[in-house]
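Q: here is a sequence with its predicted model. Questions after.
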Amino acid sequence: MKLITAYIKPFKLDSVKEALKAAGITGMTVTDVSGFGRQSGQTEVYRGAEYQVDFVPKTRVEVAVSDELADATVDAIADAAHTGEIGDGKIIVTAVETALRIRTGERGDDAL
Amino acid sequence: MSPGDIAWILISSSLVLFMTPGLALFYGGMVRAKNVLNMLMMNFFTISIVTILWVLVTYSLIFGDSTGGIIGDFSKIGLDGVEGEELLGAIFQLTFAIITPALITGAIAERMKFSAWVAFAALWSLLVYPFVGHWTWGDGGWFHDLFNVGAADFAGGLVVHINAGIAALVLVMVLGKRRGFGREAIRPHSLPLTLLGTGILWFGWFGFNAGSAGAADFGAINAWMTTQVAASVGALGWVVAEWKKTGKPTTLGAASGAVAGLVCITPAAGYVGPMAALAFGAVAGVVCFLAVSLKFKYGYDDSLDVVGVHLVGGIVGSLLLGILGDATFLGDGVEGLIYGGLDFFSAQVVAILATMAFSGVMSYIIAKAIDNTIGLRASEQEELEGLDITLHEERGYVLSETA
């Protein structure tokens, strides 16, 4: 099993969600986060004064999938979140020990 | 006084009183979320402090019998003998006495001890406002005799805006900057609140200016229109200036420009016509936009631009009145510089300088006295954590079930 964590541009969330559904993914967790990468911060202007804001808003998408689905999932997200502009985000894949569905007690791939 | 006049002044008083919570929202939106309640509370509490002092002492100091044109006596202390029409005047004037110190809160946002604000607001309301108020509006105040024509202040360019603006500048210099000023992005947390506050201020300003006509008459009608024109053009002027300079028209720019236009027309609302008001608004919008960047140049943290908008806007308005003031409204051959009225212009200049000097020095003394006794400034930890939770044990926004 893999935990796929993607940091994407917030306005790309809907296309990523649709792409994941199309790829057969049945669940995901989404969080509003802020941070910076190579894009670094952004500039905002209040009453004519420019402010450098170090952290930019991003959306974090977390999906746990079976090993077989991992590559397809990563591709689906990368494809849907891509604009080619700086700040498109990152996808991180982490190995997962196990998973458990609380309602039924199913474990492993069955819990996903 | 006719029932119509009484009704209008009562309504105007209520409109002006509503400006202070409006100001609280205008300022509250511009601070960070961790300090929003502190800002609202400083404004809200000022209503209570000033009202109590007003009925006990302050009214008498402004409108009591004049002592050498400097200050009123104690003859009307506790509103002694103040009834009927005079009580109506006391009601209307009270609302001005409230919003004037409240204006100062924008400059000292996000770092002042609440107890220190309470002390400052009370002392300033007793030791500064009544003097400038008496000089300008009190019977026998010395501004009436300047250069034989007297200085004019229709609704509070001197008494309210210059008076509060210079006090804000001085208080900020004693208080010091917010941690991170000029380095970190200290951003407004809710511009919708600021816009709502602007709308309330604009609405209330019709009571401020048109109510200052003192009757439901043609003068009030004219003041209503000049107020509307100056606010509209002020917003336009500020936004055009920033659009040109930074490339974007902003909501905060529109809000600030409208307030700048309102401030600027305040001393003149009943003394010029709607076409002159176009000039007041346009000059205020552009000049105040340029003035708000001075704090970065000179390194003083006038957090929400009380100096750039109220002091500068008040000075510009009072000077423009000295230039464009119309004898049709001012009467008795009193007129602005463009009509040859050098005496009137000189009177305006002297009144502006006297207000700045007196309010500046007195505000400095009060600020120093508080700083050396109870202290002006919140602790570093209070400032970093936010004044809402540390000084008031409340949060403006509880958006999480867990923290």
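A: Looks like it arrived, so ask away.
Q: not counting residues beside it along the chain, what's closest to residue 12?
A: Let's take chain A. residue A:81 (4.6 Å; C-beta to C-beta, 6 or more residues apart in numbering or on different chains). No exception for glycine: its C-beta is placed from N, CA and C like everyone else's.
Q: correction: the question concerned chain B.
A: residue B:211 (2.6 Å).
Q: and the pLDDT for that neighbour?
A: The predicted local distance difference test score for residue B:211 is 98.
Q: next: residue B:332.
A: Taken from the predicted model, the pLDDT recorded for residue B:332 is 79.
Q: list the contacts of the nearest residue to it once chain neighbours are set aside.
A: With C-beta to C-beta, 6+ apart as the criterion, residue B:332 has its nearest non-adjacent residue at 7.8 Å, and that residue is residue B:149. Residue B:149 makes contacts with B:332-334, B:341, B:343-344, B:347, as judged by C-beta atoms under 8 Å, 6 or more residues apart in numbering or on different chains.
Q: report the buried members of those residues.
A: Neighbour-count burial (16 or more other C-beta atoms under 10 Å in any protein chain shown) is assigned, among the contacts of residue B:149, to B:334, B:341, B:343-344, B:347.
Q: around chain B, pick out the residues from chain A.
A: Of all the residues in chain A, those in contact range of chain B (C-beta under 8 Å from any C-beta of the partner chain) are A:44-54.
Q: state the distance from the closest residue to residue A:52 other than its chain neighbours to residue B:37.
A: If you skip the residues right next to it in sequence, residue A:52 has residue A:41 as its closest partner in space, 5.5 Å away by C-beta to C-beta, 6+ apart. As defined by C-beta to C-beta, to the nearest Å, residue A:41 lies at a distance of 28 Å from residue B:37.
Q: give me the more crowded residue out of the two.
A: Comparing residue A:41 with residue B:37 by neighbour count (other C-beta atoms under 10 Å in any protein chain shown), the higher total belongs to residue B:37, at 23 against 14.
Q: go through chain A and flag its longest strand.
A: In chain A, ranked by residue count with DSSP state E as the criterion, the top strand is strand A:56-65.
Q: residue of chain A closest to chain B, please.
A: Among the residues of chain A, residue A:51 lies closest to chain B, at 3.6 Å counting by C-beta to the nearest C-beta.
Q: who are the packing partners of the helix or strand encompassing that residue?
A: Element membership of residue A:51, judged by DSSP states H and E, is strand A:49-53. Strand A:49-53 makes packing contacts with strand A:42-46 when contacts are defined by 3 or more C-beta pairs under 8 Å, 6 or more residues apart in numbering or on different chains; DSSP states H and E.
Q: okay, the angle between the strand it packs on and strand A:56-65?
A: Strand A:42-46 and strand A:56-65 are oriented at 140 degrees to each other (axes from the mean of the first three to the mean of the last three C-alpha atoms, to 10 degrees).
Q: average pLDDT for the one helix or strand residue B:102 maps to, rounded please.
A: Per DSSP H and E: residue B:102 is located in helix B:84-104. When pLDDT is averaged over helix B:84-104, the result is 98.
Q: just the buried positions in that helix, please.
A: By neighbour count, and taking 16+ other C-beta under 10 Å as the criterion, the buried residues in helix B:84-104 are B:88-104.
Q: next SSE downstream of that helix?
A: Scanning the chain past helix B:84-104 towards its C-terminal end, the next helix or strand to appear is helix B:114-127 (assignment: DSSP H and E).
Q: if we can go back for a sec, quick one: contacts for the residue nearest to residue A:12?
A: A:6, A:8-9, A:12, A:15-16, A:88-89.
Q: ok, back up a step: most neighbours, which of the residues of chain A next to chain B?
A: The residue in the residues of chain A next to chain B with the most neighbours, by other C-beta under 10 Å, is residue A:47 (23 neighbours).
Q: torsion angles phi and psi at it?
A: Here the main-chain torsion angles of residue A:47 (degrees, to the nearest 10) amount to phi 50, psi 40.
Q: quick one: it and residue B:303 touch, right?
A: No: checked against C-beta atoms under 8 Å, the pair residue A:47 and residue B:303 is beyond contact range at 11.1 Å.
Q: how about residue 20, what does it touch?
A: Looking at chain A here, since you left the chain open. Applying C-beta under 8 Å, 6+ apart to residue A:20 gives the contacts A:28, A:61, A:63, A:73, A:76-77, A:80.
Q: hmm, no, I was thinking of chain B.
A: Under the criterion of C-beta under 8 Å, 6+ apart, the contact partners of residue B:20 comprise B:43-44, B:46-47, B:95, B:98-99, B:102.
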